[in-house]
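Engineer: Give me the fold of what follows.
(chains A and B)
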Amino acid sequence: MLPLYLLTAAKNQPILVELKNGETINGQLVNCDSWMNLTLKDVIQSSPHGDEFLKISECYIKGIHIKYLRLPEQLMDQAKEQNLQNMEQRNRNNQKRRGQSSNPNANSNASANANSNNSNSAPQRQQ
Amino acid sequence: MATPTKKTKMSDLINYRLKITTIDKRTFVGQLLAFDNHLNLVLSNTEESRITKKSYSDLKKGSITSDSIVEEKRSLGLIILRGEQVVSFNIESPPPLSVKARVLEKGKGISRPLKVPVSVKSKSLQGPIKTK
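Structural biologist: Predicted structure coming up:
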């Protein structure tokens, strides 16, 4: 589980970002990319000394200015669970695909009719 | 393995508690959960600490000694630390035991059920009973 993968799992969750200049930005993560650029909504920006606060509805942060990100404590478990579900789904799909690709060969000896049906549908699956 | 050797890889340090020094001279102590090739780190139960400016100037003047430095600490929890910020890190402690492992650790004590269930015995209110 890579750090940026964990960040993508934090979408729609409240996060805190500290920038290099010490400003902190609280908000709900809308989107992020592989450069750690972020878009947030319902943002509260605080100055380095914590004496000024700005309320912003939407905000874009360039990843290069980030020092660190604070994430919700339970995020790691959620992300792991999601990852597991995705893996299972992928395995199931792979098995299905393999099952389908091996069946036409098995059926080809049994009946020419079934073979022609499978050969018609097989190329569609590959696309 | 509490000391790294030539063969130690970054992946060997996963789940270790590390102390990371950043370019702004703060230190982060936390359990390493993940890293990537930028050295972005995912740390859990993180504590950030920094030496206060006053402490620095006092140290320069020589009015305090190095063991009475005031550190300002705050707890951050789960964080992603951007790799760019990292200067160095050292091992704070080996991976802490999980709750399950701690519970399963065997001690000397024995637990066994009562010979006569409490519900059967206490038909009427009684004083304490002496058992063998």
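Engineer: Show the model's pLDDT score for the residue of chain B found nearest chain A.
Structural biologist: Here the residue of chain B nearest chain A is B:N40; by Cβ to the nearest Cβ that distance is 4.0 Å. C-beta here means a position set from N, CA and C on the backbone, and glycine is covered the same way. Note for B:N40: predicted pLDDT of 95.
Engineer: for A:L7, same thing?
Structural biologist: 93.
Engineer: And B:L125, by the same measure?
Structural biologist: Here, the pLDDT recorded for B:L125 equals 62.
Engineer: With the one 5 residues further on instead?
Structural biologist: Looking at B:K130, its pLDDT reads 75.
Engineer: Likewise for A:S111?
Structural biologist: pLDDT, A:S111: 47.
Engineer: the helices in chain A, which residues?
Structural biologist: Assigned by DSSP state H, chain A shows helices spanning A:3-9, A:75-110, A:112-126.
Engineer: same thing with chain B?
Structural biologist: Remark: helices assigned in chain B by DSSP H are B:53-61, B:99-104, B:118-121.
Engineer: if you average pLDDT over each of those, which comes out lowest?
Structural biologist: When those are compared by mean pLDDT, helix B:118-121 comes last with a mean of 63.
Engineer: Which single residue in chain A comes nearest to chain B?
Structural biologist: Closest point on chain A to chain B, by Cβ to the nearest Cβ, is A:P3, at 4.0 Å.
Engineer: Neighbours of that residue, how many?
Structural biologist: Counted with other Cβ atoms under 10 Å in any protein chain shown, the neighbours of A:P3 add up to 23.
Engineer: Can you tell me the closest non-neighbouring residue to it?
Structural biologist: Nearest residue to A:P3 in three dimensions, chain neighbours excluded: B:N40, at 4.0 Å (Cβ to Cβ, 6 or more residues apart in numbering or on different chains).
Engineer: Flag every residue of chain B that's near chain A.
Structural biologist: By Cβ under 8 Å from any Cβ of the partner chain, the residues of chain B that approach chain A are B:22, B:24, B:28, B:33-36, B:40-42, B:44, B:76-82, B:84-85.
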